[in-house]
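Okay, predicted coordinates and the sequence, questions at the end:
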There are 2 protein chains.
Amino acid sequence: MALDEIDKKILRLLQEDAHYTLKDIANKINLSLTPVHDRVKRLEKDGIIEKYVTILDKKKLGNNLTVYCQVTLTKQTYDTSEGFNQSILNLPEVVECNYVSGNFDYMLKIIIPDMESYHHFHQKKLSVLPEVSLINTVFVISEVKSTTVLPI
Amino acid sequence: MALDEIDKKILRLLQEDAHYTLKDIANKINLSLTPVHDRVKRLEKDGIIEKYVTILDKKKLGNNLTVYCQVTLTKQTYDTSEGFNQSILNLPEVVECNYVSGNFDYMLKIIIPDMESYHHFHQKKLSVLPEVSLINTVFVISEVKSTTVLPI
DNA sequence: TTTCAAAACAGAATATTTTTCTGTAAAATT
DNA sequence: AATTTTACAGAAAAATATTCTGTTTTGAAA
């Protein structure tokens, strides 16, 4: 479970590019294939490595609008929260949803084609949820940084 | 550049798991290896597929705290923005940074070990930037959803 | 419609990569 | 000091990606 410096080097490389081969990694950290293979398998088994995914270009897929929705629920009960959570999991436009502290209850990140789609999403999918009381929308004007890389 | 239904099926699969083999994909969509291979290569070349990355378990890496920082700059000029942007790119704890509309200028997402680290980050790394005037912190209490999958 | 060129696909051969196997050296435990 | 465990190297085997050849389909132009 404890990560040594070699594990960390492997993780740093794989975070950057999941398509590095074992040979690539072995060369970069001066080891043979075997230890690299064994370590990656261990990191997968221990769940340190969660999954390998493909990142697509959202704009090339027609998603030109990103917004944060700050949502306040009607009640702060467990059942209300759970109902809201379940609904959110079924909305593919919602790529992040976090229960938060402060003047509202949830922070959502929405990725969507354009303002018209957002209007539809807001009116027909989000505000109609019985648990939702208030929605404050923050529009993203320009993306400065977006990474899946965690500091190790 | 235009995506047909087969391209979309491939992208949906690869978004889920970048380690699906061509054979896996070919089987799932009833095609031979060749067209799957050719299409993936085209999608990479066209930049629809941006990159393949590895997602790590942030908690198992000791990052138990996620926060949103709502940052207001001292001035809304181009130079101020650019200076801030550059500084942010060098902060590995900042995994998202967006210039936004509303009562503040930037929405940041920070992933960090604990409250003490956040205190340090806030005092020594963020508030010390000459462009920063105001920081409002929103703490994540519980993560409901977090995905790299875009709707296709 | 007919012809032609281009695109999409299948199957096989080849190259590369992953996985497994065997054995050795180093480290930790008893 | 002896023994077990862990980490590693190298080679063999299996699986996968890539390339090649040729066929079918599609779309455009005559």
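Done, it's in. Numbers count the residues shown, from 1 in each chain, chains lettered A, B, ... in the order given.

so residue A:38 is in which element?
Mapping residue A:38 onto the secondary structure by DSSP states H and E places it in helix A:33-45.

Just list what the very next helix or strand once past that helix packs against, helices and strands only.
Using DSSP H and E, the next helix or strand after helix A:33-45 towards the C-terminus is strand A:49-56. If contacts are counted by 3 or more CB pairs under 8 Å, 6 or more residues apart in numbering or on different chains; DSSP states H and E, strand A:49-56 sits against helix B:5-16, strand B:49-56. Where you see a C-beta, it was placed from the backbone N, CA and C, and this is true even at glycine.

Of those, flag the one that's most buried.
Mean neighbour counts were taken over these using mean count of other CB atoms under 10 Å in any protein chain shown, and the top value, a mean of 21, falls to strand B:49-56.

starting at the chain centroid, how far to that one?
For strand B:49-56, the gap between its own C-alpha mean and the chain's C-alpha mean amounts to 10 Å (CA atoms, centre = their mean, to the nearest Å).

What residues does residue A:65 make contact with?
With CB atoms under 8 Å, 6 or more residues apart in numbering or on different chains as the criterion, the residues that contact residue A:65 are A:111, A:112, A:113, A:114, A:115, A:117, A:118, A:139, A:140.

If you rank these by neighbours, which is first?
residue A:112 (25 neighbours; other CB atoms under 10 Å in any protein chain shown).

how about the lengthiest strand in chain A, does it reach chain B?
Looking across chain A with DSSP state E, the single longest strand is strand A:132-146. Yes. Strand A:132-146 comes into contact with chain B when judged by CB under 8 Å from any CB of the partner chain, the residues involved being A:138, A:139, A:140, A:141, A:142, A:143, A:144, A:145, A:146.

Run the angle between that strand and strand A:49-56 for me.
Between the direction of strand A:132-146 and that of strand A:49-56, the angle (axes from the mean of the first three to the mean of the last three CA atoms, to 10 degrees) works out to 80 degrees.

how far does strand A:132-146 sit from the chain's center?
In terms of CA atoms, centre = their mean, the gap separating the centre of strand A:132-146 from the centre of its chain is 15 Å.

Show the average pLDDT along that strand.
Per-residue pLDDT over strand A:132-146 has a mean of 98.

Restricting to C-alpha, output that strand in CSV.
Output in CSV follows, covering the C-alpha atoms of strand A:132-146 (Å, rounded to 0.1, in the frame of the first residue of the first chain):
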residue,chain,number,x,y,z
VAL,A,132,-34.3,21.8,-6.2
SER,A,133,-35.2,25.1,-4.8
LEU,A,134,-32.7,27.6,-6.3
ILE,A,135,-30.2,27.5,-9.1
ASN,A,136,-27.5,30.1,-9.5
THR,A,137,-25.6,29.8,-12.8
VAL,A,138,-22.0,30.8,-13.3
PHE,A,139,-20.9,30.8,-17.0
VAL,A,140,-17.4,29.8,-18.0
ILE,A,141,-16.0,32.4,-20.3
SER,A,142,-12.6,30.9,-20.9
GLU,A,143,-10.9,27.7,-19.7
VAL,A,144,-7.4,28.3,-18.3
LYS,A,145,-6.6,24.8,-17.0
SER,A,146,-8.2,21.4,-16.8
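
Alright, calling it a day.
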